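In: Here is a sequence with its predicted model. Questions after.
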Amino acid sequence: AVPEFVKLKKWEVHEVLGFVFVWHHAEGEEPSWRIEDIPQITKGDWKLFFRHEHRVSCHIHDLIENAFDTAHVKHLHKPNSLLSPNTFLRSGGDSLWARFTMNHWTVKNRIEAHRCVNEFDAQVSILGKRWPVFRTIAETQNIGPALILEHARSKFGTARVVIAILPEEPLQMRVIQRMHFEPDAWWFFRSVILFPAFQFRRDISIMNTKTLIEHPPLQPIDMKILEFRKWFSQFLSENSPTWQTVRERTLQW
């Protein structure tokens, strides 16, 4: 028997989408929302096609805020998806290879309680000519502070992408991406959906050197960023631990 003076701390756990999620609330409140299941993934109908990890030096909210920074999408992610991060940084995306194929994005954002949703209409041009057959419609749902679900559709198939963000150290995040495709998805489509994962490396090169400013001089085009930050603040409170407070009471970080 367990002695009466022994107290165990319990955590509510939810195993879904290939991950184990643990509910944590700084004030000890019970879960106010839950992660919805995607049956195609849970039942194994849509097999795991690709999984990869990145480590990023940034605040956790930077990773989700990315989609609300529409100016960066048009600049950073327009050039050829196969352009390496180093080549992009050297050329600024202004080279013959960068312009050989280009991505054209239209992004719409909306806020829904504990979720923020981004709708992408993506088209590809080759040597300046757009090809409607390559059009992809995607929706990403940012659920809470550390989970992103993407649903992408095109003439060649449908994909589901699950992205989980794990804080491992102060301002050190591990980003895990798992990609699932419907069984009949063309292999061409499976390859194309990998391109955003390659492009994410460009974001990493920026985030790893990003400086946070308390009152940034945002332009009118950046107002969505303020809307996002107000939304994200619901996941923080006065009792939310910071890396400074954690450092004072433990040597684990």
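Out: Happy to help now that I have it. Residues are numbered from 1 along each chain as shown.
In: my guess is I206 meets D69, correct?
Out: No - I206 sits out of contact with D69 when judged by C-beta atoms under 8 Å, with a separation of 10.2 Å. The C-beta positions use only the backbone N, C-alpha and C, and glycine is treated the same way.
In: who's more crowded, the two?
Out: D69 (19 against 15; other C-beta atoms under 10 Å).
In: any idea how far I213 is from the closest residue to that one other than its chain neighbours?
Out: Of all residues not flanking D69 in the chain, I225 sits nearest, at 6.0 Å (C-beta to C-beta, 6 or more residues apart in numbering). As defined by C-beta to C-beta, to the nearest Å, I225 lies at a distance of 12 Å from I213.
In: Next: E248.
Out: From E248 over to I213 the distance is 26 Å, taken as C-beta to C-beta.
In: Can you dump the C-alpha atoms of the particular helix or strand that has the residue nearest to D69 in it in PDB for me?
Out: When elements are assigned from DSSP states H and E, I225 belongs to helix 223-232. This file holds the C-alpha atoms of helix 223-232, laid out as PDB (Å, rounded to 0.1, in the frame of the first residue of the first chain):
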ATOM      1  CA  MET A 223      -1.400  43.800 -38.100                       C
ATOM      2  CA  LYS A 224      -2.200  40.100 -38.300                       C
ATOM      3  CA  ILE A 225       0.900  39.500 -36.200                       C
ATOM      4  CA  LEU A 226      -0.600  41.500 -33.300                       C
ATOM      5  CA  GLU A 227      -3.900  39.600 -33.600                       C
ATOM      6  CA  PHE A 228      -1.900  36.400 -33.400                       C
ATOM      7  CA  ARG A 229       0.100  37.500 -30.300                       C
ATOM      8  CA  LYS A 230      -3.100  38.400 -28.600                       C
ATOM      9  CA  TRP A 231      -4.500  35.000 -29.300                       C
ATOM     10  CA  PHE A 232      -1.400  33.200 -28.100                       C
END
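In: list the buried ones in it?
Out: K224, I225, F228, W231, F232 (16 or more other C-beta atoms under 10 Å).
In: ends of stretch 59-79, how far apart?
Out: Terminal residues of stretch 59-79 are spaced 26 Å apart (C-alpha to C-alpha, to the nearest Å).
In: buried set for that stretch?
Out: So stretch 59-79, judged by 16+ other C-beta under 10 Å, has buried residues 59-70, 72-73, 76-79.
In: Return the subset of these lying in strands.
Out: Among those, DSSP state E puts none in strands.
In: Which of the residues you listed fall in helices?
Out: If you go by DSSP state H, the buried residues of stretch 59-79 have I60, H61, D62, L63, I64, E65, T70, H72, V73, L76 in helices.
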